[in-house]
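>>> I'd like to go over a predicted model; first the sequence, then the structure.
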Amino acid sequence: MNNVTDNATVGDQATVRDFARVSEHATVSGHAVVTGNAIVAGYAIVSERAHVGASARVSGDSTVCGYAIVTGAAVISGNATVTERATIGASARVSGNARISGSAIVTGAAVISGRAMISGDVKIDGRAWISGNAKVSEKKHVAWKEFEALSGWYAITLFMQEDGTAGFTWGRAEGNDLRAYLVTTGFAARGLDAAPLEFLAAFEKVNNIGVGE
């Protein structure tokens, strides 16, 4: 089997083995390793001592470097960067201009998008979705829990943003003001706002958001 096709480049000390494929304009360099059924495509770069394995896919203009690990059925796309000792696994997705670094772990069905920055020893899992201008460097900077919505139960994810405020995602919605969202979408009128507001208040308290205002 030809593991490297199209205009892809694999450096002399890099390893591509098993059923892994490197294609299009992708680059694997340094001591990076691509194994299993993993795919590295597009203009993606896997470098240094990074490892992409299992059924993971790295594409677009994304970069996986340092000692980062991408495994499971994880997908890295867009201009996303996974670096240092970060691990992306299970069915997690990292896209947009997101950056995952430090010893952060993103797993489960979690989604990191937009310009989100995840670092430190934070672990994101379940159905959490972090987006926008999120800046999460401590465990307390993010929280997620399922709540009743208009058409079922969906996870609300709260996260610290660059400006020190709380951003949120819920179902397909994302924004900077969960309180306003609950009013404008009719959740408050239907009495579905109490539990999410309590969740938000607890998050703001632990992160000192709104103190002194």
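Structure received. Residues are numbered from 1 along each chain as shown.

>>> only C-alpha atoms for contact and neighbour calcs from this point on.
Fine.

>>> Can you get me a residue count around Phe199?
17 (other C-alpha atoms under 10 Å).

>>> Spatially central residue in the chain, please.
The centroid of the chain falls nearest to Ile112 when counting by C-alpha atoms, centre = their mean (2.6 Å).

>>> who does Val4 bridge with?
Val22 (DSSP bridges).

>>> Go ahead and confirm it touches Phe19.
No. Val4 lies out of contact with Phe19 (C-alpha atoms under 8 Å); the separation is 10.5 Å.

>>> so where is this structure shaky, pLDDT-wise?
Residues of the chain meeting the criterion pLDDT under 70: 1, 211-213.

>>> any idea where the helices of it begin and end?
Applying DSSP state H to the chain gives helices spanning 178-184, 194-206.

>>> Turn those into a markdown table, columns for distance to Gly171.
Listed next are the helices of the chain as a markdown table, based on distance: least, C-alpha to C-alpha, whole Å:
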| stretch | distance to Gly171 |
| --- | --- |
| helix 178-184 | 12 |
| helix 194-206 | 13 |
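
>>> ok, now which ones touch the nearest residue in space to Glu84 that is not next to it in sequence?
Counting by C-alpha to C-alpha, 6 or more residues apart in numbering, Gly66 is the residue found nearest to Glu84 once chain neighbours are left out, at 4.5 Å. The neighbourhood of Gly66, defined by C-alpha atoms under 8 Å, 6 or more residues apart in numbering, consists of Ser47, Glu48, Arg49, Ala50, Thr83, Glu84, Arg85.

>>> Tell me which residue of the chain is positioned farthest from its centroid.
Residue of the chain lying farthest from the centroid, by C-alpha atoms, centre = their mean: Ala189 (33.0 Å).

>>> Can you name the residues that contact Thr81?
Ser62, Thr63, Val64, Cys65, Asn97, Ala98, Arg99, Ile100.

>>> ok, back up a step: quick one, what contacts the residue farthest from the centre of the chain?
Contact analysis of Ala189 by C-alpha under 8 Å, 6+ apart lists Val183.

>>> what's the distance between it and Thr83?
Distance of Ala189 to Thr83, computed by C-alpha to C-alpha, to the nearest Å: 45 Å.

>>> Same check on Ile156?
Using C-alpha to C-alpha, Ile156 is found at 27 Å from Thr83.

>>> Thank you, goodbye.
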